[in-house]
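J.: My questions concern the predicted model and sequence given below.
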Amino acid sequence: MDKELTTLFTGRKLIKLAETGSTNRFLNDLIQHETVPEGTVVTADYQTVGQGLGGTAWFSEPGSNLLMSVLFRPDFLPVPKIYLISKAIALAIKDFLNDQGIPAKIKWPNDIYVDDNKICGVLIENSLRGSQVLQSVCGIGLNVNQQIFPPGIPNPVSMKMITGKTYSVDECLAVLCRQLEKRYLQIKSQNFNHINNDYLKSLFRFFEMKCFETAAEKFNAQIIDVEDDGRLVLKKENGTIQRFVFKEIRFL
């Protein structure tokens with residue numbers, strides 16, 4: 001069923017599904033078969049094969065959470081700066097949660113945490129042509145009202161678990177769409193420094209001396225930057241600077 005969120009191009013075309021495999025997959029398939037305007041949003045009450053970054057499963061209780069994908073066409077963005085899309089999406093979610101009184105942080109590469117617990121996951125699928133980004137399908141799974149999670153999920157938390165309030169998922173969607181558009185327009189206007197500065201200020205464990213692990217070693221280091229291509233920049237205790245891509249390193 002198509003609905004409209006007024007005044008925004010983000011969510012102006014809104015497709016609401018009772019159930020789908022994944023909202024990202026649905027939106028990607030739709031793009032292959034018809035002209036889809038930028039800002040189109042797909043939501044579902046339930047995903048049968050919800051996915052997180054790196055192919056991890058995403059479980060959500062039917063009707064309790066915000067499961068959505070949004071289409072952006074950042075053809076103004078050169079490929080070396082592609083991670084700015086992820087930064088903008090994560091900041092929008094963080095902004096939304098902060099406005100609800102929830103002290104969220106962004107955990108690299110693109111999870112949203114409250115303290116040491118995960119409240120939201122993001123999966124961004126980019127399509128490239130040469131040196132330009134053609135489109136980005138941005139999937140968001142935000143824990144809203146769910147309070148019981150399967151035991152295999154390590155550290156989940158929801159908005160309701162934090163505040164004790166029950167939220168309207170549709171109202172959360174409308175407000176989040178406004179935040180997504182605001183942050184997206186910042187990168188469209190080439191306001192990269194503002195995005196980068198806000199992202200670092202919002203980063204989980206930024207500049208804290210913490211333990212990390214690679215395939216070769218465990219070590220203590222500080223996060224000192226996240227580059228425009230998404231690489232995590234760490235400063236070890238001995239002063240050595242190293243850069244890592246996703247899956248090369250994990251937090252301990």
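T.: Thanks, I have it.
J.: For the residue nearest in space to the middle of the chain, give me its contacts.
T.: Nearest to the geometric centre of the chain sits Val122, at 3.2 Å (C-alpha atoms, centre = their mean). Neighbour list for Val122: Leu53, Ser86, Ile89, Ala90, Ile93, Asn110, Asp111, Ile112, Cys138, Gly139, Ile140, Gly141 [criterion: C-beta atoms under 8 Å, 6 or more residues apart in numbering]. C-beta: built from backbone N, CA, C; applies to glycine.
J.: where's it, which helix or strand?
T.: Using DSSP states H and E, Val122 maps to strand 117-129.
J.: Narrow the contacts of Val122 to those in helices?
T.: Ser86, Ile89, Ala90, Ile93 (DSSP state H).
J.: What count of nearby residues applies to the third one?
T.: Translated: Ala90. 28 (other C-beta atoms under 10 Å).
J.: now do the last one
T.: Residues lying near Ile93 (other C-beta under 10 Å) number 25.
J.: Mind picking out the helix or strand in the protein with the poorest mean pLDDT?
T.: strand 2-3 (a mean of 40; mean pLDDT, DSSP states H and E).
J.: give me the low-pLDDT residue ranges for the chain?
T.: 1-7, 49-59 (pLDDT under 70).
J.: Report the buried residues of the longest helix along the chain.
T.: In the chain, with assignment by DSSP H, the single longest helix is helix 169-188. For helix 169-188, a neighbour-count test (16 or more other C-beta atoms under 10 Å) marks 169, 172-173, 175-181, 183-184, 186-187 as buried.
J.: same question, stretch 79-92
T.: In stretch 79-92, counting by 16+ other C-beta under 10 Å, buried: Lys81, Ile82, Tyr83, Leu84, Ile85, Ser86, Lys87, Ala88, Ile89, Ala90, Leu91, Ala92.
J.: returning to what we had before: check which residues of the strand holding Val122 are buried.
T.: Lys118, Ile119, Cys120, Gly121, Val122, Leu123, Ile124, Asn126.
J.: what are the C-alpha coordinates of it, in PDB please?
T.: Coordinates of the C-alpha atoms in strand 117-129 are reproduced here as PDB (Å, rounded to 0.1, in the frame of the first residue of the first chain):
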ATOM      1  CA  ASN A 117      23.800  -1.900  23.800                       C
ATOM      2  CA  LYS A 118      22.700  -1.900  20.200                       C
ATOM      3  CA  ILE A 119      19.400  -0.100  19.400                       C
ATOM      4  CA  CYS A 120      19.700   0.200  15.600                       C
ATOM      5  CA  GLY A 121      21.500  -1.400  12.700                       C
ATOM      6  CA  VAL A 122      22.100   0.100   9.200                       C
ATOM      7  CA  LEU A 123      22.700  -1.700   5.900                       C
ATOM      8  CA  ILE A 124      23.600   0.600   2.900                       C
ATOM      9  CA  GLU A 125      23.900  -0.900  -0.600                       C
ATOM     10  CA  ASN A 126      25.500   1.500  -3.100                       C
ATOM     11  CA  SER A 127      25.400   1.200  -6.900                       C
ATOM     12  CA  LEU A 128      28.300   2.800  -8.700                       C
ATOM     13  CA  ARG A 129      29.100   3.900 -12.200                       C
END
